[in-house]
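Peer 1: Requesting a structural model of the entry that follows:
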Amino acid sequence: MFLGVFRLSVENLPALSQSDHGLATWRNGLHCIHPLSLALDQPPTSIFAPQATPAHYIFGLSMLVLAICATIFLVVGGLLLYVLIRFRHRRGFTVREPAQIYGSTQVELSWTVIPILVVVVLFLATARVIFVTQAAPRPQNSLDVVVIGHQYWWEFRYPKLDVVTANELHIPVSSPDDPMPTYLTMSSADTDHSFWVPRLAGKMDVIPNKVNTMWIDPEKAGLYLGQCAQYCGVEHAKMLIRVYADSPSDFTKWAAWQAQPAIQDPSTAEGRLVFERNACANCHTVSGTPAKGLFGPDLSHMASRATIASGSVPLTEANLRAWIDNPDQFKPGALMPAMHLSPHDLDAVTRYLLTLR
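Peer 2: This next block holds a predicted model:
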């Protein structure tokens, strides 16, 4: 488990938006890849490229487990190789039964005590990582985010900032001089999920009727990718996570913008009426409008995101139009129903949603 390198399939990694924001975010994400990750050609979802304190602890534990397992492998493999070479069949070799030894206290103690010591060391090392991460003191200027898992998307609520968003989590970068860790309070609205961004922290289960907590403190600005790591239904593989680590000043600007009501463009008034008169308003919220639905993602600033469909589809006009018309073509089994609007209404509501920045 500790040594597994988590990879997202190529099909599930969305192409980034061609906007300046999307390109800049991708460049930042590449810049924050750990040198070891580059040397080993690791993907941006590798535990071997940690960029936060919990991930560094997990990386250290993984290296310890790897060293112990490698040592055991070399010792056992070396002994087997020696026996195969030393006692291989050769011409003129007389087969005879070796001397029989019945019972050896030293050998039995060795293969009993050594494995016990190995298990104890691994147990103590793992327990230390658990206790150190869970008992870490919480700075006063830490950020609180409520994470709610849905089939098949993530809801992020910032209670102190009056911000609600979906699928793309924005958090500030933390530094030793100015620690600003983000504390995630997690629960599920339906079935079991698991929040995992390998370069920032370990997995945390997201369970109905139970609250779990974890914290992350990214060291560098950039984009960190993750995924639901607990099978939660047919579209589990496309329940992706995108964590944007912003500088403290950029995060403050982002939060202030997200807390504002959605901008209403008069030129898209027709699309707004289509949105409010159909089932869209029953499932989604758009701040500053009568749309107050809570079943689907908050769309107040949807156009400021790089993706739709929980990070699995890049946000473009064509993709958004196709998604509204029939989500199953991107995400079979998605709980959003096909709207089957007329082409005219479909174009109007698409233009309206693209103005919600």
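
Peer 1: Please count neighbours and contacts with C-alpha atoms only from this point.
Peer 2: Noted.

Peer 1: Count the residues that sit near residue 85.
Peer 2: Residue 85 has 10 neighbours, counted by other Cα atoms under 10 Å.

Peer 1: Repeat that for residue 259.
Peer 2: 17.

Peer 1: Pull up the per-residue confidence for it.
Peer 2: Note on residue 259: pLDDT of 92.

Peer 1: Residue 320 too?
Peer 2: At residue 320, pLDDT is 94.

Peer 1: any idea which element it lies in?
Peer 2: Under the criterion of DSSP states H and E, residue 320 resides in helix 317-325.

Peer 1: Likewise for residue 109?
Peer 2: Per DSSP H and E: helix 105-134 holds residue 109.

Peer 1: you'd agree residue 163 is up against residue 257?
Peer 2: No. Between residue 163 and residue 257 there is no contact under Cα atoms under 8 Å: 9.2 Å.

Peer 1: Contact partners for the nearest residue to residue 269 once chain neighbours are set aside?
Peer 2: Excluding its sequence neighbours, the residue lying closest to residue 269 (Cα to Cα, 6 or more residues apart in numbering) is residue 352, at 7.5 Å. Contacts for residue 352 (Cα atoms under 8 Å, 6 or more residues apart in numbering) come out as 265, 268-269, 271-272.

Peer 1: Which ones among those residues lie within strands?
Peer 2: Taking DSSP state E, every one of the contacts of residue 352 sits outside strands.

Peer 1: residue boundaries of the strands in the stretch 101-250 of the chain?
Peer 2: Under the criterion DSSP state E, counting those that start in this stretch, strands of the stretch 101-250 of the chain are mapped to 143-150, 153-158, 163-166, 168-172, 182-188, 193-196, 204-206, 212-216, 222-228, 240-246.

Peer 1: what does the domain assignment say about this structure?
Peer 2: Domain assignment for the chain by automatic domain parsing gives 1-89+137-247, 266-353.

Peer 1: looking at these, which is closest to residue 98?
Peer 2: Closest to residue 98 of the domains of the chain is domain 1-89+137-247 (Cα to Cα; 11.3 Å).

Peer 1: Show me which helix runs longest in the protein.
Peer 2: The residue-count maximum for a helix in the chain (DSSP state H) belongs to helix 53-86.

Peer 1: quick one on the thing from earlier: can I get the strands of the stretch 101-250 of the chain in a markdown table with distance to residue 279, mean pLDDT and mean neighbour count?
Peer 2: Below are these laid out as a markdown table (distance: least, Cα to Cα, whole Å; pLDDT from 0 to 100; neighbours: other Cα atoms under 10 Å):
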| stretch | distance to residue 279 | mean pLDDT | mean neighbour count |
| --- | --- | --- | --- |
| strand 143-150 | 19 | 96 | 22 |
| strand 153-158 | 19 | 95 | 22 |
| strand 163-166 | 19 | 94 | 22 |
| strand 168-172 | 24 | 96 | 23 |
| strand 182-188 | 24 | 96 | 22 |
| strand 193-196 | 27 | 96 | 24 |
| strand 204-206 | 28 | 94 | 23 |
| strand 212-216 | 33 | 94 | 19 |
| strand 222-228 | 28 | 93 | 25 |
| strand 240-246 | 25 | 95 | 23 |
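
Peer 1: Adding distance to residue 316, write these out as CSV.
Peer 2: Output for the strands of the stretch 101-250 of the chain, formatted as CSV (distance: least, Cα to Cα, whole Å):
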stretch, distance to residue 316
strand 143-150, 23
strand 153-158, 19
strand 163-166, 17
strand 168-172, 16
strand 182-188, 29
strand 193-196, 27
strand 204-206, 30
strand 212-216, 31
strand 222-228, 19
strand 240-246, 17
